[in-house]
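Chemist: Generate coordinates for the sequence data below:
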Amino acid sequence: MKKNVFLLVATFLLTFTLNANAEVNAEKAESFIKTTTAQGVEEIINANVSDEVKDKRFYDLLNGALDMDFIGQFVLGRNWRTANATQRADFIKVYRDLNIKTWSKRFNEFKGKNFIFKGTTPSSSKGQVFVNTEVPMDQGAPAKVLWRVREKDGNYKIVDIIIEGVSLAQASRSEYTSFIKNNPGGLDALIKDLNDRLSKL
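Modeler: The predicted structure follows:
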């Protein structure tokens, strides 16, 4: 009897997991990341152009590939729900600009390299899937870069980049939550701080 109950529960959980991710086309998600990284490597990272041109190309690429509204809501967490419309708009703008600047510099580490695709992994989050890649490095093991991709209405967007186990979105969420909690200025102070950081890049 116990064995039958166990099998029934296991079958239900497996079916639930498959159904939760059934709407995500893993092949299309991987193809989307292949196209995005190819453009990044060929037109930006390896391109013999000025930093100003690279920044512009990177902005255009990531602004189209990233779901910044979704990411912004995630990194602010509960503070997003209490923010007014102006605060939300101001935060999304500076968060987008700051991250594109930061990530464009981070991805310079991959100059002369190509992303090797290692398949996909289902996500427990509805409508999302992980695309697994590695980048051979000059020394040591390849760098592992995971792309969390969200599908909505047939469109694919990046909602997180995980480099060597470090989630960029989760890191921002932890940092910003702590900043707002410990700063009397709250979200307005965070927005000002991010603008200050952006002006120094």
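
Chemist: drop to CA atoms for contacts and neighbour counts, all remaining ones
Modeler: Will do.

Chemist: just the helices in this protein please.
Modeler: Remark: helices assigned in the chain by DSSP state H are 2-21, 26-40, 51-65, 68-76, 78-82, 85-106, 168-182, 186-200.

Chemist: out of those helices, deepest packed?
Modeler: Of all the helices of the chain, helix 68-76 carries the top mean neighbour count, a mean of 19, counting by mean count of other C-alpha atoms under 10 Å.

Chemist: re earlier: would you list the helices of the chain in TSV and tack on distance to P122 and mean pLDDT?
Modeler: Compiled in TSV, the helices of the chain are given as follows (distance: least, C-alpha to C-alpha, whole Å; pLDDT from 0 to 100):
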stretch	distance to P122	mean pLDDT
helix 2-21	7	38
helix 26-40	8	92
helix 51-65	20	83
helix 68-76	19	92
helix 78-82	26	94
helix 85-106	25	87
helix 168-182	18	95
helix 186-200	33	95
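
Chemist: right, and the ones you listed - which one's nearest T133?
Modeler: helix 26-40 (9.5 Å; C-alpha to C-alpha).

Chemist: That closest one - contacts with which helices or strands?
Modeler: helix 51-65, strand 116-122, strand 128-135, strand 143-152 (3 or more C-alpha pairs under 8 Å, 6 or more residues apart in numbering; DSSP states H and E).

Chemist: one more time with 7 Å, if that's ok
Modeler: For helix 26-40, there is no helix or strand it packs on, judged by 3 or more C-alpha pairs under 7 Å, 6 or more residues apart in numbering; DSSP states H and E.

Chemist: Okay, angle between that helix and helix 85-106 too, please.
Modeler: 70 degrees (axes from the mean of the first three to the mean of the last three C-alpha atoms, to 10 degrees).

Chemist: Now do helix 26-40: everything it contacts.
Modeler: Under the contact criterion C-alpha atoms under 7 Å, 6 or more residues apart in numbering, helix 26-40 has outside partners T120, V129, V131, V149, Y156.

Chemist: Could I get the contacting residues of the last one?
Modeler: With contacts defined as C-alpha under 7 Å, 6+ apart, Y156 is in contact with A29, F32, V149, R150.

Chemist: repeat for the third one
Modeler: Remark: with contacts taken as C-alpha under 7 Å, 6+ apart, V131 is in contact with E30, G119, T120, T121, L146, W147, R148.

Chemist: Closest one to Q139 out of the residues you listed, please.
Modeler: Nearest to Q139 among these, counting by C-alpha to C-alpha, is L146 at 20.1 Å.

Chemist: So in terms of bridging, what pairs with the closest one?
Modeler: N132, I162 (DSSP bridges).

Chemist: how much space between the closest residue in space to A169 that isn't next to it in sequence and G72?
Modeler: In space, and not counting its chain neighbours, A169 is closest to D160: 5.7 Å by C-alpha to C-alpha, 6 or more residues apart in numbering. Counting by C-alpha to C-alpha, to the nearest Å, the gap from D160 to G72 is 11 Å.

Chemist: and P136, which of the helices of the chain is closest to it?
Modeler: The nearest among the helices of the chain, by C-alpha to C-alpha, is helix 26-40 at 14.5 Å.
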